[in-house]
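**Q** for reference, the sequence and a predicted model appear below.
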Amino acid sequence: MSMIAAFYGGKSILITGATGFLGKVLIEKLCRTSPDLKVIYILVRPKAGHTLQQRVSQIINTKLFEKVREVCPNLHEKIRAISADLNQNDFAISKEDMQELLSCTNIIFHCAATVRFDDHLRHAVQLNVTATQQLLFMASQMPKLEAFIHISTAFSNCNLKHIDEVIYPCSVEPKKIIDSMEWWDDAIVDEIAPKLMGDWPNTYTYTKALGEMVVQQESGNLNIAIIRPSIVGATWQEPFPGWVDNLNGPNGMIVAAGRGFLRAIRASPLAVADLIPVDTVINLTLAVGWYTAVHRPKSTLIYHCTSGNLNPCNWGKMGCQVLSTFEKIPFEKAFRRPHADFTANTITVHYWNAVSHRAPAMIYDIYLWLTGRKPRMTKLMNRLLRTISMLEYFINRSWEWSTYNTEMLMSELSPEDQRIFNFDVRQLNWLEYIENYVLGVKKYLLKEDMAGIPEAKQHLRRSFPVYYAP
Ligand SMILES: CCCCCCCCCCCCCCCCCCCCCCCCCCCCCC(=O)SCCNC(=O)CCNC(=O)[C@H](O)C(C)(C)COP(=O)(O)OP(=O)(O)OC[C@H]1O[C@@H](n2cnc3c(N)ncnc32)[C@H](O)[C@@H]1OP(=O)(O)O
Ligand SMILES: NC(=O)C1=CN([C@@H]2O[C@H](COP(=O)(O)OP(=O)(O)OC[C@H]3O[C@@H](n4cnc5c(N)ncnc54)[C@H](OP(=O)(O)O)[C@@H]3O)[C@@H](O)[C@H]2O)C=CC1
């Protein structure tokens, strides 16, 4: 019998960010391995044109939930959506709902965040710092709470090269920043943001670091743990390989390269590509929830969920495998034949951006205009180049994350739990994983049919501009 699965049986679990990438995989795994859990409360913000129930149905009627729908036929009843906006006071939760959450919750998984790199500092602070503070305050009023699990990022300290499983202080206290945001107008925030952020590359990583400090400072008597995943990628094994549903991180780059838009990038081929599959992150998260509640460690433990020190792979090897997968399973309607150059030289980057990115886009737009269609390629290319410029920081450096707590936890699990909640990234075969990843992007993100592969291959071979354009 799995101790972890049994632990979640009969429990009331509160999840923020449940409609996001990690949140969906968390709900799926929880319901599949512990179908006898009592209820999962999910805090969902209302979206125009969709009722809360519709948002839940949209999630659980997808392929990701195919297996769990068999194991847990009353899935709808297990998931209770609560209308909430984490940007509002008391999360704009109704009195009745709040009362129920406070009196019933046993475990909290706090996943909600803004993961945009370019978010305005005010908004990033609101969601990644202030909302975390508010949730901790709520947690402190929950008599039945056994554990509070906070999802951070391994890049919250990306201004350091070697990162231990400890909280590093930021120069300005998060409480001061939260208070200041109330009376600073946007112009002041814009002016002061670079000074506050120092050597953090964006508002996302900076506010996630502040969020960790808040967790440490407001932990009180709570039983808390922090999980720091690195770059979270498609599923490795569960519920099936290659599932992915957004364009964040490497996903957008795989789409852009597969469709032939992206041909060269400023990246260090030897830099460690610290990717971690989303199911690995969720398995660790559930194991941490169990361990924190049952063993009640004396201090807040931080768990790095990274691959670099246990099973390293670099961007060069990943890029090659992505490209070789495109040959076997090409994407449909490619603009050009997939090809990629890594370069570290700024002049070469400018050259490739002009010759291989902007010029073909402009030529194609002229062709669209001449044939009476709306030009769109230049706009798309500019957006892609802007995205790449934001990712460059992460593909030209390597970090070392220590994983003592994560390895300690692995050794605490029974053999059965090590199998069911596997987060041993040493077992991951990168080449196989990347191939399934690319296939998953094609199937689940681009919704392309595998039956279209022969036609996609013909398109690449037969179309002269597609094959020969630089
Ligand atoms: C398996 C890995 C293999 C990698 C190899 C891939 C390619 C291989 C082929 C070879 C190529 C050359 C070699 C490549 C070498 C490596 C390259 C890989 C790069 C991988 C880099 C990963 C780095 C990740 C860093 C991680 C740091 C921490 C991780 C985290 O903690 S959180 C998750 C990370 N967060 C994000 O990724 C969010 C980033 N996004 C943003 O900040 C914003 O969306 C934005 C990029 C700033 C864009 O903002 P906008 O306001 O302009 O746009 P908006 O968001 O409103 O969207 C508008 C429309 O654009 C679409 N869109 C959004 N993002 C992308 C995207 N990345 N690519 C394409 N399109 C995108 C969006 O859907 C909208 O569309 P519409 O609705 O139709 O208008
Ligand atoms: N993806 C990655 O590569 C990595 C992610 N992480 C961390 O993992 C966690 C989850 O990330 P991920 O799943 O990728 O993120 P997503 O962007 O996919 O999901 C974010 C979630 O937060 C919710 N949310 C955002 N704003 C609000 C709000 N005002 N009120 C209520 N809910 C809100 C979103 O709801 P809605 O559907 O309404 O938008 C969504 O459910 C984050 O803490 C992130 O920092 C860490 C490392 C890497």
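**A** In hand now; what should we look at? Ligands and ions are numbered 1, 2, ... in the order given.
**Q** quick check: the closest residue to ligand 1 within the stretch 201-350 of the chain vs Ile395, distance?
**A** Across the stretch 201-350 of the chain, the shortest distance to ligand 1 (C-beta to the nearest ligand atom) belongs to Gly252, at 2.4 Å. In short, each C-beta sits where N, CA and C put it, glycine included. When C-beta to C-beta, to the nearest Å is applied, the distance between Gly252 and Ile395 equals 13 Å.
**Q** nearest spatial neighbour of the residue of the stretch 201-350 of the chain closest to ligand 1, skipping sequence neighbours?
**A** Sequence neighbours aside, Thr387 is the residue nearest to Gly252 in space, at 6.2 Å (criterion: C-beta to C-beta, 6 or more residues apart in numbering).
**Q** tell me if the helix or strand that contains that neighbour is near ligand 2.
**A** Secondary structure from DSSP states H and E places Thr387 in helix 377-395. No. Helix 377-395 is not in contact with ligand 2 by C-beta under 6 Å from any ligand atom; minimum separation 10.3 Å.
**Q** flag every buried residue along that helix.
**A** Residues of helix 377-395 classed as buried under the neighbour-count rule (16 or more other C-beta atoms under 10 Å) are Met377, Thr378, Leu380, Met381, Leu384, Leu385, Thr387, Ile388, Leu391, Glu392, Phe394, Ile395.
**Q** report the residue spans of the stretch 1-150 of the chain with pLDDT below the cut-off.
**A** When residues are selected by pLDDT under 70, none of them lie in the stretch 1-150 of the chain.
**Q** so how many other residues sit close to the residue in the chain positioned nearest to ligand 2?
**A** Ranked by C-beta to the nearest ligand atom, the top residue of the chain for proximity to ligand 2 is Gly20, at 2.0 Å. The tally of other residues near Gly20 (other C-beta atoms under 10 Å) stands at 19.
**Q** repeat for the one 3 residues further on
**A** Other residues within reach of Gly23, judged by other C-beta under 10 Å, total 21.
**Q** so it sits against Ile15, correct?
**A** Yes. Shown here, Gly23 and Ile15 form a contact pair, counting by C-beta atoms under 8 Å, at 6.0 Å.
**Q** joint contacts of these two?
**A** Residues touching both Gly23 and Ile15 comprise Ile42, Cys111, with contact defined as C-beta atoms under 8 Å, 6 or more residues apart in numbering.
**Q** which parts of the host helix or strand of Tyr367 are buried?
**A** Secondary structure assignment for Tyr367, by DSSP H and E: helix 359-370. For helix 359-370, a neighbour-count test (16+ other C-beta under 10 Å) marks Pro360, Ala361, Tyr364, Asp365 as buried.
**Q** next SSE after the helix or strand in which Tyr291 is found?
**A** Assigned by DSSP H and E, Tyr291 belongs to helix 278-295. Towards the C-terminus, the helix or strand next in line after helix 278-295, according to DSSP H and E, is strand 301-305.
**Q** what's next to that next one, contact-wise?
**A** Outside of strand 301-305, the residues that reach it under the criterion C-beta under 8 Å, 6+ apart are 154, 163, 165-167, 225-230, 276, 280-281, 284, 288, 292, 401-403, 405-406, 409, 423.
**Q** sort out for me which of the residues you listed are in helices.
**A** Taking DSSP state H, the ones among the contacts of strand 301-305 that sit in helices are Thr280, Val281, Leu284, Val288, Thr292, Asn405, Thr406, Leu409.
**Q** for Gly260, which residues are in contact?
**A** Counting by C-beta under 8 Å, 6+ apart, Gly260 makes contact with Ala334, Phe335, Arg336, Arg337, Pro338, His339, Val466.
**Q** confidence score at the closest residue to Glu165 other than its chain neighbours?
**A** Closest residue to Glu165 apart from its sequence neighbours, by C-beta to C-beta, 6+ apart: Ile302 at 4.2 Å. For Ile302, the model assigns a pLDDT of 98.
**Q** return the set of residues that bridge with Ile302.
**A** According to DSSP bridges, the partner residues bridging Ile302 are Ile226.
**Q** Val25 versus that one, what's the distance?
**A** Computed as C-beta to C-beta, the Ile302 to Val25 distance reads 21 Å.
**Q** hang on, the earlier thing: element containing the residue of the stretch 201-350 of the chain closest to ligand 1, please.
**A** Of the helices and strands defined by DSSP H and E, Gly252 is found in helix 250-258.
**Q** quickly check: that helix near ligand 2 or not.
**A** No. Figure legend: helix 250-258 not in contact with ligand 2 (C-beta under 6 Å from any ligand atom); closest approach 8.8 Å.
**Q** angle of that helix against helix 377-395?
**A** Going by axes from the mean of the first three to the mean of the last three C-alpha atoms, to 10 degrees, helix 250-258 is angled at 130 degrees with respect to helix 377-395.
**Q** how far does helix 250-258 sit from its chain's centre?
**A** Helix 250-258 has its C-alpha centroid displaced from the chain centroid by 15 Å (C-alpha atoms, centre = their mean, to the nearest Å).
**Q** with just CA atoms, put it into CSV.
**A** Listed in CSV are the C-alpha atoms of helix 250-258, where the atom choice follows Å, rounded to 0.1, in the frame of the first residue of the first chain:
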residue,chain,number,x,y,z
PRO,A,250,10.9,25.7,-24.4
ASN,A,251,7.5,24.9,-25.8
GLY,A,252,7.2,28.1,-27.8
MET,A,253,10.8,27.6,-29.1
ILE,A,254,10.0,24.1,-30.2
VAL,A,255,6.9,25.4,-32.2
ALA,A,256,9.0,28.2,-33.7
ALA,A,257,11.8,25.9,-34.7
GLY,A,258,9.5,23.2,-36.0
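**Q** what segments of the stretch 51-200 of the chain are helices?
**A** Residue ranges of the helices in the stretch 51-200 of the chain, as given by DSSP state H, counting those that start in this stretch, are 52-60, 66-71, 75-78, 95-104, 121-125, 131-139, 174-183, 186-197.
**Q** tell me which residues are up against the fourth one.
**A** By C-beta under 8 Å, 6+ apart, the list of residues contacting helix 95-104 from outside reads 12, 14, 39, 41, 82-84, 90, 93, 138, 141-144.
**Q** export the residues you listed to CSV and tack on neighbour count and distance to Gly440?
**A** Shown next, in CSV, are the contacts of helix 95-104 (neighbours: other C-beta atoms under 10 Å; distance: C-beta to C-beta, whole Å):
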residue, neighbour count, distance to Gly440
Ser12, 20, 33
Leu14, 26, 29
Val39, 18, 31
Tyr41, 22, 29
Ile82, 18, 31
Ser83, 15, 32
Ala84, 24, 31
Asp90, 13, 39
Ile93, 21, 35
Met138, 19, 36
Gln141, 12, 41
Met142, 20, 37
Pro143, 8, 42
Lys144, 12, 38
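**Q** among those, which pair sits farthest apart?
**A** Maximum pairwise distance among the contacts of helix 95-104 (C-beta to C-beta): 23.8 Å, between Ser83 and Pro143.
**Q** picking that back up, run a quick neighbour tally on the closest residue to the residue of the chain closest to ligand 2 other than its chain neighbours.
**A** Among residues not flanking Gly20 along the chain, Cys111 sits closest, at 6.2 Å (C-beta to C-beta, 6+ apart). The local packing of Cys111 (other C-beta under 10 Å) involves 21 other residues.
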